[in-house]
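S.K.: Just a sequence and a predicted model for now, questions to come.
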Amino acid sequence: MEPEAAKQRIDALRELLNRYSHQYYAENASEVTDAEYDQLTQELRNLEAQFPQFSDPSSPTERVGGEVSADFRVVRFEQPVLSLGNLHSFGEFEDYAARISQMLAVESTLEWTAELKIDGLSIILDYESGRLTRAATRGDGWVGEDVTANVREISVIANVLKEPITGQFRGEVYMPRSRFQQLNDMRLKSGLTPLANPRNAAAGSLRQLDPQVTRERGLRAFIYQIREIRLGPQIGRQSEVLAALDSWGLPVESHWHKCQSVAEVRDYIDRFQNQRPPLDFDIDGLVFKLDRIDWQKRLGATHKTPRWAMAYKFPPEEALTRVRNIVISVGRTGTLTPTAELEPVILAGTRVSRASLHNEDILRQLDVRIGDSVFVRKAGEIIPEVVRVEKTLRPKDAVPFVFPSECPACGAPVVRSPGEAAHRCTAGLSCPAQLRESLIHFTSRDAMDIEGMGEKTVDLLIESGLVRSVSDIYRMNSGQLLALPRFAEVSADNLIERIAASKRQPLSRLVYGLGIRFVGERGAETLAAHFGTMEALVNASADQLTQVTDVGPRTAESVRQFFEAPLNRQVINELSELGVNMTEPGASRAPKPLDGKTYVLTGTLSTMTRKEAEERLTLLGARVASSVSSNTDAVIYGEKAGSKLDKAQRLGVPRMDEQEFLDWLAKQVEGF
């Protein structure tokens, strides 16, 4: 980067970070997550190191904390209340531990106290002879706000300790997730704007001028550090500090662990990064502290951070990156989808280089341009999408993206139907992009399940002219395949055998494979079970379709339009003539024990796949949903269960772990 461009970027980042810092500390709100703020700060720090001529002592990278409100009495700290440096991988922890060993000049294994990093508001507590005398926010690290009256309203913080200790302690005030949900439910019913997140809600609640408001908000706290002991025992290890705080009557988070080796550190990281237990509070990482306090004192601190402790940040759920290009892809139904090609970034533990922009309306609403800096996240923890543009970092040459009027795959006109957000190619299966996606979907595992018909094989069959529709798949023979690259006698025979075996798939698989709009795998099973034969489904009226469970007017109309199209009727007739099964086994059935029940699966099961669990539930009449609501009958969870389990807990939805599910399932089968 040229110095002039670097100076512009540095100035923009400083302005942006100052704005975010003011929101966070002064307004108890924020447009970005901690991970996003850290990412911007790291970019600024790297640029300042690369271009030292632009250094500035007032830069956000030199700041310890945030602003102090004029509404509270000032508290000045004798020793600064420091923030923590950040680690983002186990490898970085190993490097950090090696540096600490060198600085201490010790050969013995370092021991660490591992704690959860609570996403709340730092609080400093002063006790005299066991009585709470003052409570303050961290503020800018040197000057905080006196919030003693409000902290006295937090029931878990003792006004009188069990021992006559005189000293100063540090902790974190937070709002439980369950309480946050209750408050937002009440605010919505009252027509008020919901609170943004538990951290902002906790900060705003603690900094109320009326302590009664703080009491009503239901805040909680965890205390994790002795900053000073003037009267009381002198404690030599951080692990002993936590035990002592607990014995004195202060709230201590229970998931801390003394790690006696680097291997134990790794186990602790894996536990909370990948298999986090249900918690009623937010965490944004872990904290590792050198256990021996005399070694902590030897290491000391920089002007911003202690050398003896580090925060281990989880991979961000959102990340900042730049848009290299915007491209259009054509799906199997002809939908044109804009996609942002990104500078690669790590998001939720995986490398992301593309993100969906969904459709033209959303692209325009976000105002995404090539060259923009954008925040991306994983929608539903799977598909990356652009969340918003950071327009203060927009380059001068960025121009709006022009949506095409012609299909980029075949050149056919693009239309947008009234009331729809999507643009569609009008060429149908004569469009190579639509044909390709249709064939990939038709032969996929959840549809006709033809192993060996992956993307490369489909591309080869289309390029050779062997396949122009799904029915052509069943006309191929081994000799035709042998004439193509990548095929030998064994591979050609195997593919023909798998194609022949797919003819026996039930009707539900065929209906799903046809790719009818709004008909997913579950909908295809419902339609096939209700009508029993392809003939009955093809001839069903809109009224008959809407009588099927979970089939609404939109889906019914889509099914009718599909089967009324002459080309689709022709394909179905050809498939039937080629021997593809057109019936659903057991379509006429007696009532099942789980009829009308809805279940949600989350996490990894050890005794079966999620797919197998869904099939067992479906065979018993249940509906398996993808999201949790108050109407969910139960959530079944395995290892690495995530937000769905948390939501079930908040809503009071029954939950079953894997063993409970297996025992319960056996009882259902016995009665069926």
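M.R.: The structure has been received and is ready for your questions. As the structure is a prediction and not an experimental result, all values here were calculated from the model. Residues are numbered from 1 along each chain as shown.
S.K.: What is the burial count for the closest residue in space to K117 that isn't next to it in sequence?
M.R.: Leaving aside its chain neighbours, K117 sits nearest to G285 (4.2 Å; criterion: CB to CB, 6 or more residues apart in numbering). The way it works is simple: take the backbone N, C-alpha and C, and place the C-beta from them, glycine included. The number of residues packed around G285, counting by other CB atoms under 10 Å, is 24.
S.K.: Which residues are in contact with G285?
M.R.: K117, A311, Y312, K313, F314 (CB atoms under 8 Å, 6 or more residues apart in numbering).
S.K.: Kindly list the main-chain dihedrals of it?
M.R.: When read as degrees, to the nearest 10, the backbone of G285 gives phi 150, psi -160.
S.K.: Quick check, pLDDT for it.
M.R.: The score at G285 is 90. That number is its pLDDT.
S.K.: Distance of it relative to L206?
M.R.: 22 Å (CB to CB, to the nearest Å).
S.K.: can you map out the strands along the stretch 51-200 of the chain?
M.R.: 74-76, 85-87, 112-118, 121-128, 131-137, 143-145, 166-174 (DSSP state E, counting those that start in this stretch).
S.K.: And for the third one, what's in contact with it?
M.R.: Pointing back at strand 112-118 there. Under CB under 8 Å, 6+ apart, the answer for strand 112-118 is 97, 172, 174, 222, 224, 237-239, 242, 253, 255-259, 265, 268, 272, 279, 281-291, 311-313.
S.K.: repeat that for 6 Å
M.R.: Around strand 112-118, the neighbours that count as contacts under CB atoms under 6 Å, 6 or more residues apart in numbering are 172, 174, 222, 224, 238-239, 253, 255-259, 265, 268, 283-289, 291, 311.
S.K.: Check the fifth one too.
M.R.: Around strand 131-137, the neighbours that count as contacts under CB under 6 Å, 6+ apart are V75, I124, L125, D126, G144, E145, D146, V147, T148, V151, N159, V160.
S.K.: now the angle from the biggest helix by length in the chain to strand 121-128?
M.R.: In the chain, taking DSSP state H as the definition, the longest helix is helix 3-26. Taking axes from the mean of the first three to the mean of the last three CA atoms, to 10 degrees, one finds helix 3-26 and strand 121-128 inclined to each other by 50 degrees.
S.K.: hmm, back to that, who is the residue nearest to K117 paired with across the strands?
M.R.: K313 (DSSP bridges).
S.K.: before we move on, what about the one 5 residues further on?
M.R.: Using DSSP bridges, the beta-bridge partners of L290 come out as W112.
S.K.: That one - how many residues pack around it?
M.R.: Using other CB under 10 Å, the number of residues around L290 comes to 24.
S.K.: circling back: just give me the closest of the contacts of G285 to L537.
M.R.: Nearest to L537 among the contacts of G285 is F314, at 47.3 Å by CB to CB.
S.K.: so how far is A492 from P485?
M.R.: Distance check for P485 against A492: by CB to CB, it reads 12 Å.
S.K.: Counting neighbours, go ahead and name the busier of the two.
M.R.: Between P485 and A492, counting by other CB under 10 Å, A492 is the more crowded of the two (21 against 7).
S.K.: is it true that that one lies in a helix?
M.R.: Yes - under DSSP: H, G, I helix; E, B strand; the rest coil, A492 sits within a helix.
S.K.: In contact with it, which residues?
M.R.: Applying CB under 6 Å, 6+ apart, the residues contacting A492 are S478, L481, L482.
S.K.: Make a ChimeraX selection of whichever of those residues turn out to be buried.
M.R.: To isolate the buried ones among these in ChimeraX, judged by 16 or more other CB atoms under 10 Å, type:
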select :478,481
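S.K.: I'd like the contacts of A492 written out as CSV, with secondary structure and pLDDT added.
M.R.: Formatted as CSV, these follow (DSSP: H, G, I helix; E, B strand; the rest coil; pLDDT from 0 to 100):
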residue, secondary structure, pLDDT
S478, helix, 93
L481, helix, 95
L482, helix, 94
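S.K.: if we take the contacts of A492, which one ends up nearest to P395?
M.R.: So of those, ranked by how close each gets to P395 (CB to CB), first place is L481, at 50.6 Å.
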